[in-house]
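Q: structure of the sequence below:
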Amino acid sequence: MSTIAEFRFPATETMLATTFERVPDVRFELESSVSQNRPCLWVIGADPENIEASFDTDPAVERFEHLVAAGDRLLYDVTFAGTTPILSDEFLEASCSLLAVWGVDGWWQARVRVQDRDELWTIRDRLLEEDVSADLRRVSDVTSETTRDTRLTPEQQEALEAALEEGYFEIPRQISMEELAATLDISHQALSERLRRAYETLVNEELQPAGEPPTSNQ
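A: Have a look, this model is predicted:
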């Protein structure tokens, strides 16, 4: 059995706190494959001039290089000044797999997979010993995730998970429906319909009177 968890870290104790202050509406996403001190970093919601001026004044950034632009998404190769806690040995040991890292509103969140919950508590304790505020936001066992009873279709669940991860439900919204649809490689209309049916299913399950079967939305 393995466990998936999400940690939240303040930027002031991890990385790019100065950049968050100068460009407060920006969103960062680390590439899924990262090195400890030189990850590729997607920047969403900022123009190159502002973000590069912020990088220039941020003590956490040693060097950076603009690699590519894709719409409002900018990809940078960033060298940090020292290893950040999110990419440290205390966090990323052999038994911990980093699944995703993103930052918004002065906070970083990291989704990881570990062998079991005991290993998760060990990682959290090590971070706290390093005076890093590691807020454990969500924990779920892979076995329970994959076998739980859900009336969402796989497509609906995929759409909801992507919307949550990309900040579609945040205030202010971090991604438009058109952009979210593009990440799923479906049309805006198809995504809208998937989300509508998913909302209907979840509301039916939550509000259905006891003893009555939920309304089907097939």
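Q: how's this structure carved up into domains?
A: Domain ranges of the chain: 3-144, 149-207, per automatic domain parsing.
Q: rebuild those as TSV, extending it with mean neighbour count and mean pLDDT.
A: C-beta coordinates here come from the backbone N, C-alpha and C atoms, glycine included. Formatted as TSV, the domains of the chain follow (neighbours: other Cβ atoms under 10 Å; pLDDT from 0 to 100):
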stretch	mean neighbour count	mean pLDDT
domain 3-144	16	83
domain 149-207	15	81
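Q: what sits against residue 178?
A: The contact partners of residue 178, by Cβ atoms under 8 Å, 6 or more residues apart in numbering, come to residue 188.
Q: use 16 as the first number for this chain going forward.
A: Sure, I'll start counting at 16 from here, so that last one is residue 193.
Q: that one falls within a strand, correct?
A: No: counting by DSSP: H, G, I helix; E, B strand; the rest coil, residue 193 is not part of a strand but helix.
Q: that one and residue 201: what is the separation?
A: Note on residue 193: its distance to residue 201, by Cβ to Cβ, to the nearest Å, is 11 Å.
Q: repeat that for residue 87.
A: Applying Cβ to Cβ to residue 87 and residue 201 gives a distance of 20 Å.
Q: residue 43 now?
A: 25 Å.
Q: over to residue 61?
A: In terms of Cβ to Cβ, residue 61 sits 27 Å off from residue 201.
Q: same question for residue 18.
A: 30 Å.
Q: also residue 89?
A: From residue 89 to residue 201 the distance is 24 Å (Cβ to Cβ).
Q: surely residue 115 meets residue 125?
A: Yes: using Cβ atoms under 8 Å, residue 115 makes contact with residue 125 at a distance of 7.2 Å.
Q: which SS state does the closest residue in space to residue 182 that isn't next to it in sequence fall under?
A: Excluding its sequence neighbours, the residue lying closest to residue 182 (Cβ to Cβ, 6 or more residues apart in numbering) is residue 189, at 2.7 Å. Following three-state DSSP, we place residue 189 in the coil state.
Q: and what of residue 218?
A: Residue 218 falls in the helix class when you classify it by three-state DSSP.
Q: what about stretch 83-98, start to end distance?
A: Start to finish, the residues bounding stretch 83-98 are 24 Å apart (Cα to Cα, to the nearest Å).
Q: hmm, who's touching that stretch?
A: Against stretch 83-98 from outside (Cβ under 8 Å, 6+ apart): 30, 51-61, 63, 66, 70, 74-82, 102, 104, 194.
Q: quick one: residue 122 and residue 27 touch, right?
A: No: with contacts counted by Cβ under 8 Å, residue 122 stays clear of residue 27, the gap being 9.7 Å.
Q: show me where the protein has strands.
A: 18-25, 42-45, 55-59, 76-85, 88-95, 112-119, 122-129, 150-156 (DSSP state E).
Q: mind listing what the fifth one pairs with, with the direction of each?
A: It stands for strand 88-95. strand 55-59 (antiparallel), strand 76-85 (antiparallel) (DSSP bridges).
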